[in-house]
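Enquirer: I would like the atomic coordinates for the input below:
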Amino acid sequence: MAIDFAAVDRWIEENARPLNRAYFAFRNGRSGTESVVEALIPFQNADGGFGHGMEPDLGLPDSSALATSVAFQYLSDIGADKDYPMVQRSIAYLVNTFDPGRSGWPIVVPAVDDYPHAPWWGYEGAIAGFGWGNPSAEILGYLIEFGGNETDGLEAKVTTRALARLQELAETREPDFHELLCFKRLFERAGVELKVQLAELLRNLILATVSVDPGEWGGYVCTPLTFVQAPDDPFTELFDQSVLEANLDHIERTISGDHWEPTWNWGDAYPDAWEVAKREWAGKITADNLLILRAFGRLEPAQ
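Expert: As a prediction, this is how the structure comes out:
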């Protein structure tokens, strides 16, 4: 199925939130890093952390480790300088909110229950239901990338816990793919020694978690392209080319006219807020899918 890049590009420009428009424009060479940084400003709080729906399923305006890790995904992808004030303030927030008892960060804070959110983001359920690595393993990656001498001791503590957690996941063989994505983001930023320690366990866990059967890809499911974003991705070798091509076909088939919709919903929770979040997710998913299709040569960007 041929995707009309120009039509989808227009949909993003007219419907996606400013952050995703700016990021998509950056990835298409139409703007620089500063446009993305400026679009991130409304999400950052005085304490340096991020909130305000940075993660659209989480309406909490207060800072959280989860929302801050999502902000760092953008900052890392655009190659933000570690000396940017926004980056320095965010690193300070992470240092200040580190929980020694868990050797990491709680994914959300209790105030999450006071604002619209997806059912799985209620405080008690989120704290109990999401594994340590989400987002602590990912945050370790950002400390490695953007931290300095002041974070060395913290990095060492979290690294020890990260390696222990990955071993736990290997023994139970029941990882949540969101947690594995956090470990993948850590892997991409790790030094050579840590990469070696992570590589085999992470590869095996990804293979055990991803569905390679196209018949299972309907709805909210972990597919090969959940972990492989481009041909040069470090985990591309885990999957046959035919499986990746089938996954690309699936992305093309599931477009809804000129954009993609989220494959999940909030049920009966906060229906008005869900409509806003749904549109925000559609903007992000649409931009991400176009970037994946383009990376694998399925389409050319609009000129």
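Enquirer: hey, where'd the strands end up in the stretch 101-250 of the chain?
Expert: If you assign secondary structure with DSSP state E, counting those that start in this stretch, the stretch 101-250 of the chain ends up with no strands.
Enquirer: residue boundaries of the helices in it?
Expert: Remark: helices assigned in the stretch 101-250 of the chain by DSSP state H, counting those that start in this stretch are 123-129, 133-146, 152-172, 177-189, 192-209, 224-227, 241-253.
Enquirer: quick one: closest of those helices to residue 7.
Expert: Go through the helices of the stretch 101-250 of the chain one by one with Cβ to Cβ and the one that ends up closest to residue 7 is helix 241-253, at 13.6 Å. The C-beta positions use only the backbone N, C-alpha and C, and glycine is treated the same way.
Enquirer: neighbouring contacts of that closest one?
Expert: Contacts made with helix 241-253 from outside it, assessed by Cβ atoms under 8 Å, 6 or more residues apart in numbering, are listed as 1, 3, 212, 214, 217, 223-225, 228, 236, 260, 289, 292-293, 296, 298.
Enquirer: in that helix, what counts as buried?
Expert: Buried residues in helix 241-253, counted by 16 or more other Cβ atoms under 10 Å: 243-244, 246-248, 251.
Enquirer: and the closest residue to residue 100 other than its chain neighbours, how far is that from residue 192?
Expert: Nearest-residue entry for residue 100: residue 157, 7.8 Å, with adjacent residues in sequence omitted and distances by Cβ to Cβ, 6 or more residues apart in numbering. Here the criterion is Cβ to Cβ, to the nearest Å. By it, residue 157 lies 20 Å from residue 192.
Enquirer: again, but for residue 252
Expert: 37 Å.
Enquirer: swap in residue 18?
Expert: Note on residue 18: its distance to residue 192, by Cβ to Cβ, is 38 Å.
Enquirer: of the contacts of helix 241-253, keep whichever come out buried.
Expert: 3, 212, 217, 223-225, 228, 236, 260, 289, 292-293, 296, 298.
Enquirer: make JSON lines from the residues you listed and add pLDDT and distance to residue 182 to it.
Expert: Formatted as JSON lines, the buried ones among the contacts of helix 241-253 follow (pLDDT from 0 to 100; distance: Cβ to Cβ, whole Å):
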{"residue": "3", "pLDDT": "89", "distance to residue 182": "30"}
{"residue": "212", "pLDDT": "97", "distance to residue 182": "22"}
{"residue": "217", "pLDDT": "96", "distance to residue 182": "22"}
{"residue": "223", "pLDDT": "98", "distance to residue 182": "18"}
{"residue": "224", "pLDDT": "98", "distance to residue 182": "18"}
{"residue": "225", "pLDDT": "98", "distance to residue 182": "17"}
{"residue": "228", "pLDDT": "98", "distance to residue 182": "16"}
{"residue": "236", "pLDDT": "98", "distance to residue 182": "19"}
{"residue": "260", "pLDDT": "98", "distance to residue 182": "23"}
{"residue": "289", "pLDDT": "97", "distance to residue 182": "21"}
{"residue": "292", "pLDDT": "97", "distance to residue 182": "19"}
{"residue": "293", "pLDDT": "96", "distance to residue 182": "25"}
{"residue": "296", "pLDDT": "96", "distance to residue 182": "24"}
{"residue": "298", "pLDDT": "91", "distance to residue 182": "28"}
